[in-house]
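1. structure, please.
(2 chains)
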Amino acid sequence: MTSPKRLSQEHQRSLQRRLKAGDEHALGELFDLVAPWILGLAFRILQDEDEAEDVVGDVFVQVWRHIDQHDGGRGPLVPWILSIARNRSLDSLRRRRRWWRKSAHLEQAQVMEVGGSAPAGSHEAAVPGWPVHREVHAALAALSEEQRRVVVLSYFEGLSHREIAQRLHLPLGTVKTRLRMAHQTLTEGLRHLKDWVE
Amino acid sequence: MTDWLGLSAAPRTPRPELKGRVLARALAPRRRWRGPLAAAAMITLVMGGGGGAWWAYRTIGTLTTERDGLVARVHALEDTVSTFIHGPATRLIQIPVSTGGRVGSVTIFADSVRHRWLVRCDGLAPNARDQAYQLWFITDSGMTTAAVMPMDEDKPMVMALEMPRGGEGDPRVLGAAMSIEPRAGSASPSGPMVFHRLL
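-> Below you'll find the model as predicted:
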């Protein structure tokens, strides 16, 4: 396995400053660092390579034009970018016409993906942030099947509590309870993560 | 918690051409029509603002003229009413009337010095569309019309009337009457009498 690429916090702060200053090379560096994760997240949600690539484009346009809206004091850069990617992906998912057919594929893929350890080729393991991915993936996999299912439907499909309850034929209160417990477990398990860098 | 959840998805290596495409899109200059569009919007705003200011100027001028006219009319009416109410020769006659099953009144301030009446009607039923109230002077030579008063709304009515002076060749007013007549009025009372009162 290739050793994961590291990114120092100072390097990341410098990158952020350069982006805010309009340094185009910084945007290229950022692409190298986070594009695989954005593409992975978008593909996980959309299950479509072309649409996922469109999301990557949308995300970088938004980051480049609105980098000033990111408040470094409120959190690191990568989770902010991931939240943009997730929102764009969910927007795209909602617009999609053939929702239910894609959704069936999605559920099948999710069951396969979170069911065991994440498959990692040497190439993927070289992606920056891989250690954090392993930890987040492990924390999600450590949830009970019931909790993981509601988290996946909420986060990756953007369903509301009521929609999850309808999808799983569960009482609304049960869904809320499972999400709350999952949230507590994940928060506890990922508390030490301050950034995706060491 | 959800800050990091996106990293639970497995990364995917972008196709080599994606980076160039994405960066070109992100770094592309903002659309060129935005500048002209902003300029057009500004021009529209300025023209709209200028037009609005001119319209406001004209409207304010019209309203000011109208207000001045109303003020003058109110002052004239105040003078008239004051004259009637406070004049030493003014007689006050109040006549209860019943119209359309309703009880109302006609109040006459009669100024025998200036030969003018101020008539106020309260509680009269509104007329049918083809009818009107007609006020009559009762004179020593018969009934002569004083005023035709169409009442379409249920609200008080006030009017000032010049009365015959009773001089040479002029009939002397003995009283007042009111009847319901055709809308255009009648030469002599022909409809139902509302009141008939000698002063």
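
2. make it CA atoms for all contacts and neighbour counts henceforth
-> Will do.

3. the residue nearest the centre of chain B and B:Ala10, how far apart?
-> The C-alpha lying nearest the average C-alpha coordinate of chain B belongs to B:Leu70 (CA atoms, centre = their mean; 11.6 Å). Distance from B:Leu70 to B:Ala10, counting by CA to CA, to the nearest Å: 81 Å.

4. A:Gly72 now?
-> A:Gly72 is 26 Å from B:Ala10, by CA to CA.

5. in terms of neighbours, single out the busier of the two.
-> Shown here are A:Gly72 and B:Ala10; by other CA atoms under 10 Å in any protein chain shown, B:Ala10 has more neighbours (24 against 12).

6. ok, the more buried one - contacts?
-> When contacts are counted by CA atoms under 8 Å, 6 or more residues apart in numbering or on different chains, B:Ala10 touches A:37, A:40-41, A:44, A:118, A:133.

7. show me what from chain B comes close to chain A.
-> B:1-14, B:18-19, B:21-23, B:25-27 (CA under 8 Å from any CA of the partner chain).

8. ok so, going back, just checking: which of the contacts of B:Ala10 also lie near chain B?
-> A:37, A:40-41, A:44, A:118, A:133.

9. do stretch A:164-176 and chain B meet?
-> No: in terms of CA under 8 Å from any CA, no part of stretch A:164-176 sits within range of chain B; the closest distance is 15.5 Å.

10. ends of that stretch, how far apart?
-> 10 Å.

11. ok, stretch A:70-78 next?
-> Span of stretch A:70-78 from end to end, CA to CA: 10 Å.

12. element containing residue 175, please.
-> No chain in the question, so chain A it is. In the assignment (DSSP states H and E), A:Val175 maps to helix A:172-189.

13. looking at chain B here, not the other one
-> strand B:173-182.

14. which stretches of chain A have low pLDDT?
-> A:1-9, A:97-127, A:194-198 (pLDDT under 70).

15. ugh, wrong one, I meant chain B
-> Those would be B:1-2, B:30-35, B:80, B:83-85, B:166-167, if you go by pLDDT under 70 across chain B.

16. which residues of it fall in helices?
-> B:2-5, B:16-27, B:34-86 (DSSP state H).

17. which one of these is the most hemmed in?
-> helix B:2-5 (a mean of 19; mean count of other CA atoms under 10 Å in any protein chain shown).

18. buried stuff in stretch A:23-34?
-> Across stretch A:23-34, burial judged by 16 or more other CA atoms under 10 Å in any protein chain shown covers A:26-28, A:30-31, A:33-34.

19. what of stretch A:140-157?
-> Of the residues in stretch A:140-157, A:140-143, A:147-157 count as buried by neighbour count, 16+ other CA under 10 Å.

20. just these now: which is nearest B:Ser82?
-> Minimum distance to B:Ser82 across the buried residues of stretch A:140-157 is 80.8 Å, recorded for A:Ser154 (CA to CA).

21. in what helix or strand does that closest one lie?
-> Using DSSP H and E, A:Ser154 falls within helix A:145-155.

22. helix A:172-189 and that helix, what's the angle between them?
-> Counting by axes from the mean of the first three to the mean of the last three CA atoms, to 10 degrees, helix A:145-155 points 90 degrees away from the direction of helix A:172-189.

23. can you list contacts of helix A:145-155?
-> Helix A:145-155 has contacts (CA under 8 Å, 6+ apart) with A:140-141, A:159-161, A:164, A:175, A:178-179, A:181-182, B:2, B:5.

24. let's see 7 Å
-> Here helix A:145-155 makes contact (CA atoms under 7 Å, 6 or more residues apart in numbering or on different chains) with A:140, A:159-160, A:164, A:175, A:178-179, A:182.

25. among the residues you listed, which pair sits farthest apart?
-> Greatest spatial distance among the contacts of helix A:145-155 (CA to CA): A:Leu140 and A:Ser160, at 19.4 Å.

26. domain-wise, how is chain B divided?
-> Following automatic domain parsing, chain B resolves into domains at B:16-86, B:90-198.

27. gap between the shortest one and the chain center?
-> Spelled out, it's domain B:16-86. Relative to the centre of its chain, domain B:16-86 is centred 26 Å away, using CA atoms, centre = their mean, to the nearest Å.

28. same thing with the longest one?
-> Centre-to-centre, domain B:90-198 and its host chain are 25 Å apart (CA atoms, centre = their mean).

29. can you give me the end-to-end distance of that domain?
-> End-to-end distance of domain B:90-198 (CA to CA): 16 Å.
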